[in-house]
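Engineer: Take a look and give me a structure for this.
(one chain, ligands or ions: 1)
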Amino acid sequence: MAATAPETTATPGWLDTFLASWRPGTGEPRELHEPATGRALITVSQATPGDVARAAATAAQAQSAWAETSYQERARILRRAAEIYEAHRPEFGAWTQRETGAHRDKMHHEQNFAVQEIHAAATMPSQPYGELVPSAQPERLSMVRRIPVGVVGAITPWNSPSVLGMRVVAPALALGNAVILKPDPQTPICGGAMFEAVFREAGLPDGLLHVVVGGAEVGEAIVTDPNVHIVSFTGSTAAGRRVGELAGRLIKKVSLELGGNNAFVVLDDADVEAAASAGAYSSFQFQGQVCFATGRHIVHRSLAGDYIEALVEKAKRIKLGDPFRDETVDLGPIVNEKQLARVDGIVQRSVDGGARLAVGGTHDGLFYRPTVLADVTRGLPAWTDEIFGPVAPVVAFDTDEEALALANDSDYGLAGGVYSHSISRGLAFARRIRAGMVHVNDQPINDEAVIPFGGMGASGNGSRFGGAANWDEFTQWQWVTVRDEPKSFPYPY
Ligand code: NAD
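Structural biologist: Modelled structure (predicted):
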């Protein structure tokens with residue numbers, strides 16, 4: 001038995017039925033527990049490097065025929081996948097909450113984005129895929145066209161597994177590729193099985209989508225497999241660096257979407273209440289376990305006192321608990337003990353280093369109290385590190401130039417936000433922030449399927465997801481010329 005799911009729903013749902021015969025790997029079974037309660041959730045047999053090799057070989061074989069499949073048929077399957085996803089949202093949502101400890105709002109946001117990713121991808125097969133180009137030889141027709149990359153290896157983290165998987169799977173399939181998807185072992189269902197169930201029901205031909213569940217060893221097998229032509233990795237900067245090194249040696253295309261330590265800047269003319277609500281939301285929601293969460297609050301000195309006070313008040317009102325079983329809960333658990341120790345370590349070392357603990361800094365099991373750190377200085381771990389926990393470090397500044405230097409004082413460059421009453425001032429400031437996505441009068445947590453999502457510096461290698469960027473990720477250019485008459489060459493001269 002590959003997967004068993006105790007205590008899911010009274011009558012088995014559509015996905016439960018799929019899971020009963022799901023065989024994701026030939027390796028050891030691994031029991032998964034809910035972070036919120038510690039209850040056993042499901043047992044999933046893990047994949048092995050041998051499973052990866054078999055999946056990649058099958059995918060490479062199936063991909064050629066898929067690339068030749070009509071654009072109408074590829075679009076039809078994607079549209080059908082969106083319908084199936086919508087039909088089973090409540091069931092997928094329950095798994096998402098139980099696997100990740102997400103609040104309902106976060107779960108719904110993730111599902112909305114996942115569906116939008118499929119809708120956007122369904123339009124891609126009918127778009128032009130090349131252009132005619134001028135040629136120095138006017139008698140020949142010269143064109144450039146985009147062809148599928150081949151087999152896409154998708155490696156995703158646990159924190160938003162459905163949307164982060166869908167932003168690869170849907171456009172990659174739409175453009176004629178096959179996909180091997182490896183979710184994090186913490187989220188094998190909403191990050192893995194769900195995809196297989198949806199696309200199988202939608203009529204995707206066999207061999208084009210494989211889900212392999214496992215950790216770093218399985219991930220590295222994907223990166224190094226000769227039948228995998230591009231690796232699309234989303235996760236931590238440390239793991240991304242390793243993936244980049246392995247892929248680089250093999251001269252393999254690799255897209256790295258990594259961590260963040262995002263700046264949220266409140267200029268002196270900002271509405272402090274509105275800014276504090278955005279600051280609290282973007283540091284605390286989903287326990288701060290979001291790549292584009294606010295990691296550094298950079299607030300004008302004239303507003304810093306009121307801003308910190310407002311954050312503290314909001315932090316005190318946040319209710320912790322199991323968001324799956326109690327609708328009144330605002331904040332769930334940190335995903336596991338290791339991450340809890342990391343968050344707490346960063347907070348405690350920062351306090352030891354001189355930061356003032358305005359609220360929080362304690363936890364009950366995996367439930368970490370929303371924490372506000374004031375008087376944070378450069379060099380403290382709360383300033384330099386991606387925390388990935390419900391912690392808001394605040395720094396005060398005196399001039400816009402100082403605020404900009406603070407915002408750019410990070411190796412990361414994923415997202416940012418600026419609050420100001422003056423749109424032109426906000427826009428000018430945003431242009432100088434070194435980050436892939438910046439919002440004026442909004443906080444950094446923002447995404448849409450039609451925008452090119454991605455970061456700079458340690459947040460990624462400039463790869464992008466969404467909109468036109470999907471063409472760059474999941475196809476490659478081919479130059480083709482054709483002439484009426486076969487050309488003869490006066491050779492040897
Ligand atoms: P992680 O790097 O530990 O794991 C991510 C995935 O990579 C998992 O599937 C894991 O099994 C796999 N993996 C780990 N080591 C690997 C290796 N050596 N080779 C191949 N695969 C390997 O990250 P995490 O802790 O699960 O997720 C949190 C991190 O992800 C944070 O840093 C967060 O900022 C980042 N993230 C980034 C984005 C983005 O779009 N930029 C989105 C979400 C999360």
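
Engineer: how much space is there between residue 233 and residue 465?
Structural biologist: 12 Å (C-beta to C-beta, to the nearest Å). C-betas here are computed from N, CA, C, even on glycine.

Engineer: typo on my end, residue 452
Structural biologist: Taking C-beta to C-beta, one finds residue 452 at 7 Å from residue 465.

Engineer: Between the two, tell me which one has more neighbours.
Structural biologist: residue 465 (24 against 16; other C-beta atoms under 10 Å).

Engineer: That one reaches residue 167, doesn't it?
Structural biologist: Yes - judged on C-beta atoms under 8 Å, residue 465 makes contact with residue 167 at a distance of 4.7 Å.

Engineer: pull the helix or strand with minimum mean pLDDT from this protein.
Structural biologist: strand 3-4 (a mean of 44; mean pLDDT, DSSP states H and E).

Engineer: what's downstream of it, the next helix or strand?
Structural biologist: With elements assigned by DSSP states H and E, the helix or strand that comes after strand 3-4 is helix 14-20.

Engineer: ok now that following helix, how far from the chain's centre?
Structural biologist: 25 Å (C-alpha atoms, centre = their mean, to the nearest Å).

Engineer: Residue 395: how many residues sit nearby?
Structural biologist: So residue 395, with other C-beta under 10 Å, has 25 neighbours.

Engineer: Quick check: phi and psi at it.
Structural biologist: According to degrees, to the nearest 10, the main-chain angles of residue 395 amount to phi -130, psi 140.

Engineer: which one is the residue nearest in space to the middle of the chain nearest to, not counting chain neighbours?
Structural biologist: Among the residues of the chain, the one closest to the centroid is residue 164, at 4.0 Å (C-alpha atoms, centre = their mean). With sequence-adjacent residues excluded and distances taken as C-beta to C-beta, 6 or more residues apart in numbering, residue 164 is closest to residue 156, at 4.6 Å.

Engineer: The one you found reaches residue 165, doesn't it?
Structural biologist: Yes - judged on C-beta under 8 Å, residue 156 makes contact with residue 165 at a distance of 4.9 Å.

Engineer: what about the stretch 251-400 of the chain, any weak spots by pLDDT?
Structural biologist: Applying pLDDT under 70 to the stretch 251-400 of the chain flags no residue at all.

Engineer: if we can go back for a sec, correct me if wrong, but the residue nearest to the centre of the chain is in a helix.
Structural biologist: Yes - counting by DSSP: H, G, I helix; E, B strand; the rest coil, residue 164 is part of a helix.

Engineer: List the contacts of the closest residue to residue 289 other than its chain neighbours.
Structural biologist: Sequence neighbours aside, residue 159 is the residue nearest to residue 289 in space, at 4.9 Å (criterion: C-beta to C-beta, 6+ apart). Taking C-beta atoms under 8 Å, 6 or more residues apart in numbering, we find residue 159 in contact with 100, 286, 289, 290, 291, 335.

Engineer: Which single one of the residues you listed is nearest to the ligand?
Structural biologist: Nearest to the ligand among the contacts of residue 159: residue 291, at 3.2 Å, using C-beta to the nearest ligand atom.

Engineer: Checking my notes, that closest one in a helix, right?
Structural biologist: No - counting by three-state DSSP, residue 291 is not part of a helix but coil.

Engineer: which phi and psi does it have?
Structural biologist: Per degrees, to the nearest 10, the backbone of residue 291 is at phi -60, psi -30.

Engineer: Likewise for residue 311?
Structural biologist: phi -60, psi -40.

Engineer: Residue numbers of the stretch 351-493 of the chain in contact with the ligand?
Structural biologist: Counting by C-beta under 6 Å from any ligand atom, the stretch 351-493 of the chain comes close to the ligand at 386, 388, 414, 455.

Engineer: Now for the closest residue to the first one other than its chain neighbours, how many residues are close by?
Structural biologist: Put plainly, it is residue 386. Nearest residue to residue 386 in three dimensions, chain neighbours excluded: residue 259, at 4.4 Å (C-beta to C-beta, 6+ apart). Counted with other C-beta under 10 Å, the neighbours of residue 259 add up to 25.

Engineer: returning to that earlier point: in contact with the residue nearest to the centre of the chain, which residues?
Structural biologist: Residue 164 touches 156, 157, 191, 234, counting by C-beta under 8 Å, 6+ apart.

Engineer: which ones are touching whatever residue of the chain ends up closest to the ligand?
Structural biologist: Per C-beta to the nearest ligand atom, residue 219 is where the chain lies closest to the ligand, at 2.2 Å. Residues in contact with residue 219 (C-beta under 8 Å, 6+ apart) are 155, 182, 239, 243.

Engineer: Please enumerate the shared neighbours of residue 233 and residue 465.
Structural biologist: Contact with both residue 233 and residue 465 is made by residues 255, 257, according to C-beta under 8 Å, 6+ apart.

Engineer: what's the farthest-apart pair in the contacts of residue 164?
Structural biologist: Largest separation among the contacts of residue 164 by C-beta to C-beta: 191 and 234, giving 10.7 Å.

Engineer: neighbour count winner among these two?
Structural biologist: A direct count of neighbours by other C-beta under 10 Å for residue 191 and residue 234 places residue 191 higher, at 31 against 25.

Engineer: Nearest spatial neighbour of residue 116, chain-adjacent residues omitted?
Structural biologist: residue 449 (4.1 Å).

Engineer: OK, contacts around the one you found?
Structural biologist: 113, 116, 117, 119, 120, 167, 466, 467 are the contacts of residue 449 under C-beta under 8 Å, 6+ apart.

Engineer: Torsion angles phi and psi at it?
Structural biologist: Dihedral angles (degrees, to the nearest 10) for residue 449: phi -60, psi -20.
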